[in-house]
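Q: Below: sequence and its predicted model.
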Amino acid sequence: MSEQRVEKDKVVTLTYTIRDESGLCEKSDYPVSYLHGSPDSPMFPKIEQALEGRTVGDEVEVTLSPEEGFGQPDPAKTFSDRIANVPPRYREVGAQAVFHNDLGESLTMTVVRIEDGMIHLDGNHPLAGKTLTYTVRILAIRDATPMEMAQGQVAEDRSLLPH
């Protein structure tokens with residue numbers, strides 16, 4: 001049997017690190033899997049392209065501009081108010097609040113700063129506006145099941161869970 005390669009309808013299992021210009025942003029030593037080539041893939045297209053044709057053990061490094069990654073920060077996703085108008089449970093940096101609009105859409109906002117009697121929340125992704133370098137290591141490749149292909153996502157893989 002020939003060695004499996006990353007291509008459409010393959011389940012790819014990997015670990016990754018994300019760095020920006022100031023250093024490490026995120027690291028996953030726990031294996032994560034995605035369905036390569038799926039329209040519902042959580043993987044950024046530039047990273048999928050870099051993984052195409054690779055095999056188990058390969059490591060790729062991909063740099064994403066903000067536009068290729070989490071986008072530029074959207075000022076419409078920020079909010080400031082007097083701290084006196086905010087319930088006490090949200091009065092600390094890092095606290096999160098979920099806001100809903102008239103269409104039923106929700107946005108989670110994080111308290112990013114409190115100063116001069118004002119509280120400032122941000123609903124942008126924490127990595128928005130940053131140039132990011134992903135280092136991805138392929139751990140496993142397998143054929144997707146018919147159900148996974150139909151659903152466009154990986155079924156829970158219990159073999160990857162800690163024993």
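A: Here it is on my side, so go on. What you see is a predicted model; the values in this text were computed from it and never measured. Numbers count the residues shown, from 1 in each chain.
Q: Now do the contacts for the residue nearest to residue 65 when sequence neighbours are not counted.
A: Nearest residue to residue 65, sequence neighbours excluded (Cβ to Cβ, 6 or more residues apart in numbering): residue 131, at 5.7 Å. C-beta: built from backbone N, CA, C; applies to glycine. Contacts for residue 131 (Cβ atoms under 8 Å, 6 or more residues apart in numbering) come out as 20-21, 63-66, 69.
Q: Which one of those residues is nearest to residue 40?
A: Nearest to residue 40 among the contacts of residue 131, counting by Cβ to Cβ, is residue 69 at 18.1 Å.
Q: so where do the helices sit in the chain?
A: For the chain, the helices defined by DSSP state H occupy 45-51, 146-151.
Q: What segments of the chain are strands?
A: Applying DSSP state E to the chain gives strands spanning 10-20, 23-35, 59-64, 78-82, 96-100, 106-115, 118-122, 132-143.
Q: Any regions of this protein where pLDDT drops low?
A: Residues of the chain that meet the criterion pLDDT under 70 lie in 1-2, 157-163.
Q: Can you give me the neighbour number for the closest residue to residue 26 other than its chain neighbours?
A: Leaving aside its chain neighbours, residue 26 sits nearest to residue 18 (4.4 Å; criterion: Cβ to Cβ, 6+ apart). By other Cβ atoms under 10 Å, the residues close to residue 18 number 18.
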